[in-house]
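Chemist: Provided below are the primary sequence and the corresponding predicted coordinates.
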Amino acid sequence: MLTEHSLNFLVVEDSPLSNQFICNMLRDLGHQVVGQAYNAQEALELTLRLKPDIVLMDLQMPDPLTGHDDERAGIKGTRAIQAHRPTPVIALTAYESAELIREASEAGVGAYLIKPPDIYAIERAALVAYARFKDQQTLQRLNEALQREIAIREQLEARLQEYTDQLERKVVEKLYELEQEQAKVIHLDKLAALGEMATGIVHELVQPLSAISYEADYIKLLIEQAETPGILSPQEWENLRKIGENLKEDLARCKRLIDHLRTFGRSANIPPIPVDLNQPIYASLMLVNVRLGHRNVDLQLHLAEHLPPILADPYKLEQVFLNLISNAEYALEQQRRVAPAGYQKTLTITTQTVGEMVEATVHDNGCGIPPEAQERLFQPFFTTKPQGEGTGLGLSISRRIVTEFGGTLTCESVVGEGTKFTLRFPAFRSEN
């Protein structure tokens, strides 16, 4: 009678009598014999076809080719079975040899019994071998599942790392953009402060300037209507007249300067308009020309006439030229401190047309910029000036302004010889 512990046996024994005896005993114990084989070759073929739970294998059997007994035939058969369809194998042998037992174990034999076998010993060994085999299969399946999980996790980790790298790159890009925006905010804040300062200056100066203008007109009128010309000599009267004229001119110049500061301080983003590139250069020089003179800077202007216009915001371009001129002043002063006697600080500003481009250069014979610094020159917050003397924002903002209007800003510099910044913009050609 078959029970839940019944096993399907393949009995491999070269002696037909012994083979049949074992089969009968197994059936009496409630097991099923699915096949009988008499050599290792038959054992492999029946194992592949009948798929038994247990193979009961005699180790010494005749070789099917030679007919000679081979005490390791069962070991060879076990290896073949384990290679094609792993199945629990119990070995039967009349020889108890340590070497044979070792070889059988290495081949995949699960239990080793000495003939004549005790049928109950066979059953116990079979049940243990089968249970162990099933446990091993379960462990193998679990291990394979674990390996699949590990592979999936490694793939997920690789994808996560890829996403992390992408995120890090995006964070770096966003941080750079944030720095750019912060630089813009800082600069706009400075412009706002300048606007507020200019407004205050205008408020304080408009009234007295108006009074001075009125007084100058009055002095001139008195001179022209004087009824007693003998009080002053003709030359003195002429000098007084010239003083009045000069006073008027100086007042007009102050008014122009104040008007420009007021406009520059409150200027906001405006749509690009056609601009003569010389215009923002002259405007920036109006603010710094006196300072350049006080610092003994030889200013040389070579501004081409009748330049084709470019599309830009003139006030933003003025910021660019003010930055470049300020940097040139600093470089010239640094070079003066180490230059031999006779050194003349020189700042040359040039404009010209180059093909379809309009070009401006700001060239100084100052201290120059080291090559390692030139690589980072346009990065936000980078400066070659000592701490407290520069924010490192000017050139970064200048390049962004130039780029905004389709132009380029480049630098050439040699330490001890000077620096040249070149701005290039596409010429604006009106469709009309």
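Modeler: That came through, no problem.

Chemist: and Leu7, how far from Ala328?
Modeler: Counting by C-beta to C-beta, to the nearest Å, the gap from Leu7 to Ala328 is 99 Å. C-beta: built from backbone N, CA, C; applies to glycine.

Chemist: between these two, who's got more neighbours?
Modeler: The neighbour count for Leu7 versus Ala328, taken as other C-beta atoms under 10 Å, is higher for Ala328 (26 against 22).

Chemist: pretty sure that one is touching Val362, no?
Modeler: Yes: counting by C-beta atoms under 8 Å, Ala328 sits close enough to Val362 to count as a contact (6.2 Å).

Chemist: what sits in contact with each of these two?
Modeler: Leu347 (C-beta atoms under 8 Å, 6 or more residues apart in numbering).

Chemist: all strands for the chain, in order.
Modeler: With strands called from DSSP state E, the chain shows them at 8-12, 32-37, 54-58, 61-62, 69-70, 89-93, 109-114, 273-275, 298-303, 310-312, 346-354, 357-364, 408-414, 418-426.

Chemist: please identify which of those strands is closest to Phe321.
Modeler: Checking the strands of the chain against Phe321 by C-beta to C-beta gives strand 357-364 as the closest, at 7.1 Å.

Chemist: which strands or helices does the closest one pack on?
Modeler: helix 314-336, strand 346-354, strand 418-426 (3 or more C-beta pairs under 8 Å, 6 or more residues apart in numbering; DSSP states H and E).

Chemist: list the contacts of the last one.
Modeler: Strand 418-426 is contacted from outside by 277, 310, 312, 320, 324, 327-328, 331, 335, 354, 356-366, 368-369, 402, 405-413, using C-beta under 8 Å, 6+ apart.

Chemist: please pick the buried ones from those residues.
Modeler: By the neighbour-count criterion of 16 or more other C-beta atoms under 10 Å, these include these buried positions: 277, 310, 312, 320, 324, 327-328, 331, 335, 357-366, 368-369, 402, 405, 407, 409, 411, 413.

Chemist: helices of this protein, start to end?
Modeler: 16-28, 40-50, 73-84, 98-107, 119-225, 234-266, 278-294, 314-336, 371-374, 394-404 (DSSP state H).

Chemist: how about those helices in TSV, adding mean pLDDT?
Modeler: As requested, the helices of the chain are exported to TSV (pLDDT from 0 to 100):
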stretch	mean pLDDT
helix 16-28	92
helix 40-50	94
helix 73-84	92
helix 98-107	86
helix 119-225	73
helix 234-266	65
helix 278-294	85
helix 314-336	89
helix 371-374	83
helix 394-404	86
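
Chemist: now the ones you listed in a markdown table, with distance to Gln60?
Modeler: Shown next, in a markdown table, are these (distance: least, C-beta to C-beta, whole Å):
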| stretch | distance to Gln60 |
| --- | --- |
| helix 16-28 | 12 |
| helix 40-50 | 11 |
| helix 73-84 | 7 |
| helix 98-107 | 9 |
| helix 119-225 | 17 |
| helix 234-266 | 110 |
| helix 278-294 | 108 |
| helix 314-336 | 100 |
| helix 371-374 | 85 |
| helix 394-404 | 91 |
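
Chemist: of all the ones you listed, which lies closest to Thr346?
Modeler: Across those, closest to Thr346 is helix 314-336 (C-beta to C-beta), at 7.8 Å.

Chemist: restricting to C-alpha, output stretch 43-58 in CSV.
Modeler: Only the C-alpha atoms of stretch 43-58 are listed here, as CSV (Å, rounded to 0.1, in the frame of the first residue of the first chain):
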residue,chain,number,x,y,z
ALA,A,43,20.5,3.4,-15.0
LEU,A,44,21.0,6.8,-16.7
GLU,A,45,18.5,6.1,-19.5
LEU,A,46,15.8,5.0,-17.1
THR,A,47,16.5,7.9,-14.7
LEU,A,48,16.0,10.4,-17.5
ARG,A,49,12.8,8.6,-18.8
LEU,A,50,11.1,7.5,-15.5
LYS,A,51,12.3,10.3,-13.1
PRO,A,52,12.5,8.1,-9.9
ASP,A,53,12.7,9.6,-6.4
ILE,A,54,15.6,7.4,-5.5
VAL,A,55,18.2,5.4,-7.4
LEU,A,56,19.5,2.3,-5.5
MET,A,57,22.8,1.7,-7.3
ASP,A,58,25.2,-1.3,-7.0
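
Chemist: distance between it and the chain's centre?
Modeler: Its chain's average C-alpha position is 63 Å from that of stretch 43-58, according to C-alpha atoms, centre = their mean, to the nearest Å.

Chemist: again, but for stretch 296-313
Modeler: 39 Å.

Chemist: show me which residues of it are buried.
Modeler: Val297, Leu307, Pro308, Pro309, Ile310, Leu311, Ala312, Asp313.

Chemist: next, count neighbours for the closest residue to the third one other than its chain neighbours.
Modeler: Spelled out, that is Pro308. Excluding the flanking residues, the one nearest Pro308 by C-beta to C-beta, 6 or more residues apart in numbering is Ala427, at 4.0 Å. For Ala427, the neighbour count with other C-beta under 10 Å is 16.

Chemist: Ala427 contacts Glu359, correct?
Modeler: No: contact criterion C-beta under 8 Å: Ala427 and Glu359 do not qualify, at 10.1 Å.

Chemist: mind listing the shared neighbours of the two?
Modeler: Thr353.

Chemist: now do the contacts for Ser326.
Modeler: Contact partners of Ser326, counting by C-beta under 8 Å, 6+ apart, are Val288, Gly394.

Chemist: could you check how far it is from Ser413?
Modeler: With C-beta to C-beta as the criterion, Ser326 and Ser413 are 16 Å apart.

Chemist: go on, Pro64?
Modeler: 93 Å.

Chemist: likewise Asp69?
Modeler: Computed with C-beta to C-beta, the distance linking Asp69 and Ser413 is 97 Å.

Chemist: swap in His363?
Modeler: His363 sits at a distance of 10 Å from Ser413 (criterion: C-beta to C-beta).

Chemist: repeat for Val109
Modeler: 85 Å.

Chemist: kindly report the same for Asn8.
Modeler: 91 Å.

Chemist: ok, Cys23 next?
Modeler: When Cys23 is compared with Ser413 (using C-beta to C-beta), they lie 101 Å apart.

Chemist: care to break this structure down by domain?
Modeler: 8-117, 269-426 (automatic domain parsing).

Chemist: and these, which is most packed in?
Modeler: Highest mean neighbour count of these: domain 8-117, a mean of 18 (counted as mean count of other C-beta atoms under 10 Å).

Chemist: so for that domain, first residue to last residue, what's the gap.
Modeler: Taking C-alpha to C-alpha, to the nearest Å as the measure, domain 8-117 stretches 18 Å from start to finish.
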